[in-house]
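K.L.:
Would you be able to build a 3D model of this:
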Amino acid sequence: MADVYYGLAGSPVSHSLSPVLINIVAQHLSQVLPKGDKFSLMTTDLVDAEFIQDALAWGYVKSSPNPVDWDLTGAPFGKFRNRALMQKVLDSTIKIKQSISELTKETRQDSHNTLPFQCDVKLPTKSFPEEVWLNLTYPLKHQLKSPAVVDFNDSSIIESVNVLRWDGFGWWSSNVDGSGFVRVAEYFGISVASGACLGIIGGGGAARSTAHTWQTLGGTVKVFGGKRDLGDYDWFNGADDSDRTCDILVNFDDDMHPEDITVTGFCVKSQYHPIDGEYTDRVATVTNKVVDGRWLLAAQHLESWSQLWAPQCRDYLPSLNLLISKLIQAETTLASYA
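P.N.:
Predicted coordinates for the structure are as follows:
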């Protein structure tokens, strides 16, 4: 059994759903993994940090001097209220065995296949007795530049890291923004390998990872503006954007989708926001024709497990639509105690 210390680091982080996701996936694996291959979450934490060294320091001491009040409970991590409500969440999600019916239409495809990245790094094939897992968000993604960290999946090339693993011997790093985005696109019927065109607004860490992965897998990318320029990177090969048409569009700067861009498939929100209302309102959010950012978050979380944290458990992970279904139930449960 692996004792796992998990944290999401960045600023701000108080709104994050990542602590819910890692608990749900760990619970799922505890039900399906062979005996002896379990994961015990020793700590689940939010780390408010503006500098990468503070995030890594948390990884070494496994606690924060200034616990973050979690928006979903109004209490800091490590306190009784958070622990009790997380248990309420898990008591409700363990009952979810099938996906919400609206998420399982025939046109949607879910896959556990390994994305064909070119990677010479030999990852550990088992979990160690004690590990530290970190997700990074703004403003930390571009700050990690150290030869002491083993780079997986070209995160150093795109200058963006959003997942880390300490296996007891050293740090491993990756970026799963792009592979998570591809998982969502494929789920909703987009064939990247067939040359599907992705329209991107923005050039930050998530945008760079998404563009890099999309190109690597055979798709084309058009940039329709943004606060930063993807064209500054040698690896980027953007398509002609004079024709403002694409198969799928995402705005990484905000949630706006310009009306002068023709989207033949669908638009994706890069962010997610709190949902007011009942369970049905939450279902409506994740079944909307504009894909909610929860899909990206859930897919990226599955990719963190699959690529870096526990690749040996890849075939046992929950499907994307099942994880979304459990997440909706979890948010409904937490809201009932607000």
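
K.L.:
per-domain residue ranges of this structure.
P.N.:
Structural domains assigned to the chain are 2-176+294-335, 179-278, following automatic domain parsing.

K.L.:
Among the ones you listed, which comes closest to V286?
P.N.:
Evaluated with Cβ to Cβ, the domains of the chain place domain 2-176+294-335 nearest to V286, the distance being 5.7 Å. For the C-beta atoms, the positions are set from N, CA and C on the backbone; glycine is no exception.

K.L.:
Now do the end-to-end distance for that closest one.
P.N.:
31 Å (Cα to Cα, to the nearest Å).

K.L.:
again, but for stretch 190-202
P.N.:
End-to-end distance (Cα to Cα), stretch 190-202: 21 Å.

K.L.:
Stretch 308-326 too?
P.N.:
23 Å.

K.L.:
for that stretch, which positions count as buried?
P.N.:
Using 16 or more other Cβ atoms under 10 Å as the test for burial, stretch 308-326 gives 308-310, 313, 316-326.

K.L.:
partners of the helix or strand of the chain with the lowest mean pLDDT in the sheet?
P.N.:
Least confident helix or strand, the chain: strand 149-151 with a mean of 84, by mean pLDDT, DSSP states H and E. Looking at strand 149-151 with DSSP bridges, its partner strands are strand 171-174 (parallel).

K.L.:
what's the strand it pairs with in contact with?
P.N.:
Outside of strand 171-174, the residues within contact range by Cβ atoms under 8 Å, 6 or more residues apart in numbering are 56, 59, 121, 123, 144, 148-153, 155-156, 161-166, 304, 307-308.

K.L.:
what's in contact with the very next helix or strand once past that strand?
P.N.:
Sequence order places helix 177-187 as the next helix or strand after strand 171-174, per DSSP states H and E. With Cβ under 8 Å, 6+ apart as the test, helix 177-187 has contacts from 108-111, 115, 117, 153, 160, 162, 192, 196, 198, 205-206, 209-214, 217, 248, 250, 268, 291, 295-297, 299-303, 307, 320-321.

K.L.:
Mind checking the pLDDT average for helix 177-187?
P.N.:
Averaging pLDDT along helix 177-187 gives 95.

K.L.:
and the buried residues of stretch 308-326, which of them are in helices?
P.N.:
By the criterion of DSSP state H, membership of the buried residues of stretch 308-326 in helices covers 320-326.

K.L.:
ok, of those, which one's closest to D254?
P.N.:
D254 has its nearest neighbour among these in I324, at 22.9 Å by Cβ to Cβ.

K.L.:
ok so, going back, can you give the distance from the least confident helix or strand of the chain to the centre of its chain?
P.N.:
Centroid separation for strand 149-151 versus its chain: 19 Å, with Cα atoms, centre = their mean, to the nearest Å.

K.L.:
try stretch 216-227
P.N.:
20 Å.

K.L.:
List the buried residues for that stretch?
P.N.:
For stretch 216-227, a neighbour-count test (16+ other Cβ under 10 Å) marks 216-217, 219-224, 226 as buried.

K.L.:
and these as JSON lines, adding distance to T262?
P.N.:
JSON lines is the format used below for the buried residues of stretch 216-227 (distance: Cβ to Cβ, whole Å):
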{"residue": "T216", "distance to T262": "25"}
{"residue": "L217", "distance to T262": "23"}
{"residue": "G219", "distance to T262": "17"}
{"residue": "T220", "distance to T262": "15"}
{"residue": "V221", "distance to T262": "16"}
{"residue": "K222", "distance to T262": "11"}
{"residue": "V223", "distance to T262": "16"}
{"residue": "F224", "distance to T262": "11"}
{"residue": "G226", "distance to T262": "18"}
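
K.L.:
okay, these in CSV with secondary structure next?
P.N.:
As requested, the buried residues of stretch 216-227 are exported to CSV (DSSP: H, G, I helix; E, B strand; the rest coil):
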residue, secondary structure
T216, helix
L217, coil
G219, coil
T220, strand
V221, strand
K222, strand
V223, strand
F224, coil
G226, coil
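
K.L.:
Quick check: the farthest pair among these?
P.N.:
Using Cβ to Cβ, the pair of the buried residues of stretch 216-227 lying farthest apart is L217 and G226, separated by 21.7 Å.

K.L.:
secondary structure element for P65?
P.N.:
Using DSSP H and E, no helix or strand contains P65.

K.L.:
other SSEs contacting the host helix or strand of L21?
P.N.:
Assigned by DSSP H and E, L21 falls within helix 18-32. Using 3 or more Cβ pairs under 8 Å, 6 or more residues apart in numbering; DSSP states H and E, the elements in contact with helix 18-32 are strand 2-10, strand 39-48, helix 80-93, helix 293-303, helix 320-335.
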